[in-house]
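Asker: need coordinates for the below:
(chains A and B)
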Amino acid sequence: MQSARLAVDIGGTFTDLALEHAGRRSTAKVLTTPAAPERGVMEGVRAILRAASLSPGDISIVVHGTTLATNALIERKGARTALVTTQGFRDVLAMGNESRYDQYDLNIVLPEPLVPRYLRLPVPERLDNTGRVLRPLDEAAVRALAPLFQRESVQSIAIGFLHSFVNPAHERRARDILAEALPEIPVSLSSDVSPEMREWERFSTTAANAYVQPLMAGYLRRLETDLHREGVAAPVFLMLSGGGLTTIETACRFPIRLVESGPAGGAIFAAHIARESGLPSVLSFDMGGTTAKVCLIDEFRPQTSRTFEVARIGRFRKGSGLPLRIPVIEMVEIGAGGGSLAHVDALGRIAVGPESAGADPGPACYGRGGTKPAVTDANLVLGRYDPEKFAGGSMALDAAASRTALAAHVGEPLKLAPEMAALGVIEMVDENMANAARVHAIESGKTYAGRTMIAFGGGGPVHGYRVAEKIGIDRVLIPSGAGVGSAIGFLRAPVGYEVVRSLYQRFSTFDVGAVNALLDAMVAEADGIVAQGSFGAPTRQGRIAFMRYVGQGHEIPVALPARTLTQGDVPAIRAEYDAQYSRFYDRPVPGSDVEILSYAVTVATMADAPDSVAVNTQSATATPARTQTVRDTASGEATEWAVFDRASLAPGATLYGPAIVAEDETSTLVGPGWTARIDGRGYIDLTRGGA
Amino acid sequence: MSLAEIQRQVMWNRLIAVVEEQAQTMIRTAFSTTVREAGDLSAGIFDLQGRMLAQAVTGTPGHVNSMMESVGHFLKKFPAETMKAGDHYITNDPWLGTGHLHDLTVVTPAFRLGKMVGLFANTAHVIDVGGLGFGPEGRSVFEEGMYIPIVKCFDQGKPNETFFDIVRAGSRLPVELEGDIFSLCTCNEEGARRLVQMLDEFALDGLEPLADFIFENSLRATLAEIAKLPRGTFSGDISSDGYDEPVTLRASLTILPDAIEVDFAGTSGLSGRGINVPAAYTRAYGSFGIKVVVAPDIPNNWASLLPFRFTIPEGCILNAPRPYPVSVRHVIGHLVPDLIMGCLHQAVPDRVTAEGSSSLWNPPLRGGSSVSGQARGNWPVLPDFEIITFNSGGTGARPTLDGLSATAFPSGVRTMPVEATENVAPVIFWRKELRPDSAGAGRTRGGFGQIMEIAGKGDLEFAVNAVFDRVANAPRGRDDGADGAAGEVLQKSGKTLRTKGFQVIPDGERLLLNLPGGGGMGAPVTRDPALVARDVRDGLVSVASARDDYRVVIGTDGEVDAAATAILRG
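Answerer: I've put the predicted structure just below:
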């Protein structure tokens, strides 16, 4: 048996596969088969094995990520789900935070809860904030729900009681009663799925888990069977939204943790590039056809968060989706991609996105009937693409159609020549991405000073340098293999699991014993899950306390030592908190106690050590293949830019902007004042203002 | 249009992002739940003349142009040429800020290369500033809390210790209050830092050319929207329960070719209690009411608000002079957009909503020794606490959509999780869910209100400083839509409580709040019966209401009885 590693990433349109074996990589792309996604996967597996001349038995591990759970939530194609909840709180899912995500739009529509009111069923029970029982669980009332669930053909049940994250006894008892009466219906407990304070987020996450569970469990079991039948005996791991891998067992219990696993793979990919290149402070910038995603990566780990919003209905508007409280790789998704459409708004301003031309009809230059100008059209009119060589020459672009579309929808209303309209579109989309990235940094308490951007996706290398200029980044790295970055990222992800628990304490009365007991239990839980897939590989442990000044609303993560804490550790933890706080907010607040709300424990296998590559100090010559007239978006000047073929550039080759490095999948723009150098791995290393 | 103009567009977007960063910094660092959980704040950037260039999208409309006017007052007392880098100025003067002592406004100059280039301002609602506490009981502003005139809280980066000493001593929550002031200064500094970066990037010496561009385009766009409206004068009224007697607000709104003028003549006189509204707050919600109908997509700034003019007679409740009490001015102020929409309904009926619950139902709760005295003997009392939670009834029906249930409008605040509230105060919320049969019937119905049942932990006594409205005056429907259900303020055992004022909920009792529903729009008999059946199935509309209000007969199977419905509807 050979030791081949296979990654499979199911997206909305395509299923991407990557296979690594003996230092070589093969990739494949097949159409996604939404009705039975395992069919597309199997087709792809056969194709990639054929291409690599390997047999199913040669595969030693399969890593899988999928948008199925996300799509089920967006398209509302999940199970018929019921929610059993505390009497008096039937409408937590419907009331949300009682606010409007747009203050000035009288006609906003809020997302419908995943569970309709007639299936949100209250039962008498109540705990207080310490977990003490104020009102015992009415077991007869729970039992009485079973016939109703049968009558209503309920396929999945969520249970969410107030304060259950402190004391799960009522939820567990209710589950046992229902499991006895309805053994075939899966039950999700809020105290298992998302054991953290804030009832709306916790219930929403639990309902979403229940909603996608039958679908996901069914699919994963079928996939497992089909792979075995095909002769793939290797274990299958699932990519989690938090960036780790887990087993099919765990994925079937907590399928909500699989949402957004594709983008998570992209971030892991960037993190791996960062580690290879020794870059401890990175911004990953992944710009595709409809959206751009940015993610902060420090010390080779993507920033993670515990909150996320899925299925936004208000065009990427924050607050218009369903809140999920699960470990996720935190990224901002902006409605800005190559297909994003430009128009002029009521104030005579150029606006770009979030509407997208998609793949069909696509930008005007595709010549498939699109008449509205997309970002790709604007790039083409500025001379940033060679119409003959786009997508490796497989698709000739119609620049005249781009000019016509830009003239009609942007140029004429603003009395601008098509070139200037194109410039306006690109400046605006770059500005939008930069603004979103800036606000994201603020929300994360981070800065861009000294950061390197890793740009990938079809649009990342094109727009990277200019977005970097706008947010104050002076170095951009363009890796190779960017087209299937997510799938490659899957192969770099550790087997890991994150457990989060709430335990409220003030620092002045920090109870070391209670914290150690909690952390030990969390480590045991995470270890147990990871052991199913790590096969004895060494693991690392991360422990984090989420702390804030008493009275504040946002916590700062503070790393704890991965061992039993002693009283002697307490001052150091406090000092670390103050240091972290003043790093972001200038000054600590005098006289305030600090409170700890929750803890996170991550157990994961070690990331693969990157192959060492000799540092390349030699220089190689770079000879331009041709020149192209390009209009610079900062100065507005049109000049001749040298065009280099990426394939012809050897490590050490250095070239000076303005220039373009062209390849089949995309083009890297080297802006005026930037220098590009091909590093030892063949990555393009852009630096601003010098070599 | 040239490259320079494209760049000005880019910079305009940048400024909006800069003030958004300013607001997000405040939310991340603030201490008061009112700011960090509820979002009762605003943030903006101003030119050296005190004209607002951009305002953060995050925030609440009550500060729209009240904060904007405020910056002018700061500049009057501390002229721009006297300001230094690292200075922060503060006030909570209701007449120089945003209408009550609980709103702190901080103004910070931004410097680049030693030259002042702009000002950042923000406003936030803090939990406690001493005095009687948040509520209507004050008989003058002096009883309502500490009064901070416009002063420097930081002088070239150094805290004004005298100021902070006084502030700490005057609040029940000194740590939170001081922390909040730090937060407000930090967020302005963040804005200033971003502004300087932007000017560096675009090699600009100041904001003047950009200001002209923003103002010119905003004004032109706003005027274009006004020009689309039918001309004329339209009038309306709306009633509040008042403190001890009903209050009626009246307006006549005139659409001119280049402006919209609102005259509040005929509005009731001042109240002896803290429901009076300073004029700046009236203008804020008046502008919001117009803007949301006429020009919702145009960003807020000095010029986009310029064509909206207000005449507010002296001595009326919407133009309270100092030192009238104004603590809970939102109760009346939140009705102003509904009043404006009542006028605009006659001009553009398909662009306004029916009346909603509108006034927030924020019960300020207090427990412990300051309710009926210290614990003694075997008489236990709760530990001292002071909290407020933000809650909303239903919004008015919209021309093509139902109203939103339990959702804030016009206010932009959010509610807090019950689990979080119960972690900061010894209270138990026994119930917080939608209120069936509270939505005003209509072709489109109003949003449903909610029911809240609140007890002290262990059923011990606590007090509520009631500030509730739309109990005697239910939200009205439009175009033959029915009114929403009126609010109710009760003890669990049934005793009716006053809608305004400090009242003790004794041991063993609970506070029961039934929040109003929104008014309906269009005749209820024209509503799609399937939608009525859906609400019946959800337990939100009773079978009786379906029959009596909508003339829809729901069979025992839960489905519409089409034949019987047809007969009933005639």
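Asker: low-confidence ranges in chain B?
Answerer: Residue ranges of chain B with pLDDT under 70: B:1, B:64-65, B:374-378.
Asker: closest point of it to chain A, which residue?
Answerer: Going by C-beta to the nearest C-beta, chain A is nearest to B:Arg36 of chain B, at 3.1 Å. Any C-beta I mention is one placed from the backbone N, CA and C, and that applies to glycine too.
Asker: so that residue sits right up against B:Ala30, yeah?
Answerer: Yes - taking C-beta atoms under 8 Å as the definition, B:Arg36 is a contact partner of B:Ala30 at 4.5 Å.
Asker: what about those two, which has more around it?
Answerer: Ranked by neighbour count (other C-beta atoms under 10 Å in any protein chain shown), B:Arg36 and B:Ala30 place B:Ala30 first, with 29 against 24.
Asker: next, give phi and psi for the more buried one.
Answerer: Note on B:Ala30: its backbone torsions stand at phi -70, psi 160 [degrees, to the nearest 10].
Asker: and the residue of chain B closest to chain A, how far is that from A:Thr307?
Answerer: Distance of B:Arg36 to A:Thr307, given as C-beta to C-beta, to the nearest Å: 14 Å.
Asker: one more: A:Arg325?
Answerer: Distance from A:Arg325 to A:Thr307, counting by C-beta to C-beta: 6 Å.
Asker: and these two? which has more neighbours close in?
Answerer: Set A:Arg325 next to A:Thr307 and count neighbours by other C-beta under 10 Å: A:Arg325 wins out with 25 against 16.
Asker: OK, contacts around the more buried one?
Answerer: Applying C-beta atoms under 8 Å, 6 or more residues apart in numbering or on different chains, one finds that A:Arg325 lies in contact with A:194, A:196, A:198, A:201-202, A:204-205, A:306-308.
Asker: closest to B:Cys316 out of those residues?
Answerer: Ranked by distance to B:Cys316 (C-beta to C-beta), the contacts of A:Arg325 are led by A:Arg198 at 42.7 Å.
Asker: wouldn't the closest one be in contact with B:Val418 here?
Answerer: No - using C-beta under 8 Å as the test, A:Arg198 is too far from B:Val418 to be in contact (9.4 Å).
Asker: which of these two has more neighbours?
Answerer: Neighbour count, other C-beta under 10 Å: between A:Arg198 and B:Val418, B:Val418 has more, with 27 against 22.
Asker: after the host helix or strand of A:Leu6, which helix or strand is next?
Answerer: A:Leu6 is located in strand A:4-10, with elements delineated by DSSP states H and E. Using DSSP H and E, the helix or strand that follows strand A:4-10 in sequence is strand A:14-21.
Asker: okay, the angle between that next one and strand A:4-10?
Answerer: 170 degrees (axes from the mean of the first three to the mean of the last three C-alpha atoms, to 10 degrees).
Asker: packing partners for the helix or strand just after strand A:14-21?
Answerer: On the C-terminal side of strand A:14-21, the nearest following helix or strand under DSSP H and E is strand A:24-31. For strand A:24-31, the helices and strands in contact under the criterion 3 or more C-beta pairs under 8 Å, 6 or more residues apart in numbering or on different chains; DSSP states H and E are strand A:14-21, helix A:37-52.
Asker: so which of these gets nearest B:Phe111?
Answerer: B:Phe111 lies closest to strand A:14-21 among those, at 51.2 Å (C-beta to C-beta).
Asker: which residues touch the closest one?
Answerer: Under C-beta under 8 Å, 6+ apart, the answer for strand A:14-21 is A:2-9, A:25-32, A:37, A:40-41, A:44-45, A:47-49, A:52, A:54, A:58-59, A:484, A:486-488, A:490-491.
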